[in-house]
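Trainee: Need coordinates for the below:
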Amino acid sequence: LANYSAFLTVFKQMFERPGVEAAAEEALCDIQQGNQDVLQYITRFKQLAAETSWVERTFVTLFRRGLREEIKDELVHSSPACSLKELMDQSMNIEYRLRERKMERRRTRAP
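Mentor: Numbers count the residues shown, from 1 in each chain. Predicted coordinates for the structure are as follows:
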């Protein structure tokens, strides 16, 4: 048991990063998609989420809150996501459809 305690002490000294979880939690509370595409937002969100011990339901709420308004406006037409992955997939699909529609509008306006 003494060896195990010594191992844990050394392990924590090597791998524990004080303040990382608190910083990630704070960043998750403030994260916004902004001008990033959804995939970039997902990547950053997952990086931060991995540093916390929060439950998935919290991640779903924070992820949705940080999305651009146009994505949130379209999410109301979908059934509520049951998981973070489902919400992320829905968001990527919406962004793709919005981008396709924007390109379609440009093509129809061109002489």
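Trainee: Within the helices and strands, which one has residue 90?
Mentor: Using DSSP states H and E, residue 90 sits in helix 84-109.
Trainee: quick one: that helix to chain centroid distance?
Mentor: 18 Å (C-alpha atoms, centre = their mean, to the nearest Å).
Trainee: Give me the helices and strands touching that helix, please.
Mentor: helix 38-49, helix 56-66, helix 69-75 (3 or more C-beta pairs under 8 Å, 6 or more residues apart in numbering; DSSP states H and E). (C-beta placed from N, C-alpha, C; glycine too.)
Trainee: Next, the angle from it to helix 38-49.
Mentor: 160 degrees (axes from the mean of the first three to the mean of the last three C-alpha atoms, to 10 degrees).
Trainee: need the contact list for the residue positioned nearest the centre of the chain.
Mentor: For the chain, residue 45 is the residue whose C-alpha lies nearest the centre (C-alpha atoms, centre = their mean; 3.1 Å). Contact analysis of residue 45 by C-beta atoms under 8 Å, 6 or more residues apart in numbering lists 28, 31, 59, 62, 63, 66.
Trainee: Out of those residues, which is nearest to residue 5?
Mentor: When the contacts of residue 45 are compared for distance to residue 5 (C-beta to C-beta), residue 28 wins out at 33.2 Å.
Trainee: Return the set of buried residues in the helix or strand containing the closest one.
Mentor: Using DSSP H and E, residue 28 maps to helix 20-30. By 16 or more other C-beta atoms under 10 Å, the buried positions in helix 20-30 come out as 24, 25, 27, 28.
Trainee: Ok, stretch 69-77 next?
Mentor: Here stretch 69-77 shows 71, 74, 75 as buried, counting by 16+ other C-beta under 10 Å.
Trainee: Count the neighbours of residue 60 for me.
Mentor: Residue 60: 19 surrounding residues under other C-beta atoms under 10 Å.
Trainee: wait, I meant residue 7
Mentor: 10.
Trainee: what about residue 48, how many neighbours?
Mentor: By other C-beta under 10 Å, neighbour count at residue 48 equals 18.
Trainee: picking up where we left off before, so which pair among the buried residues of helix 20-30 is furthest apart in space?
Mentor: So, these by C-beta to C-beta: farthest apart are 25 and 27, at 7.3 Å.
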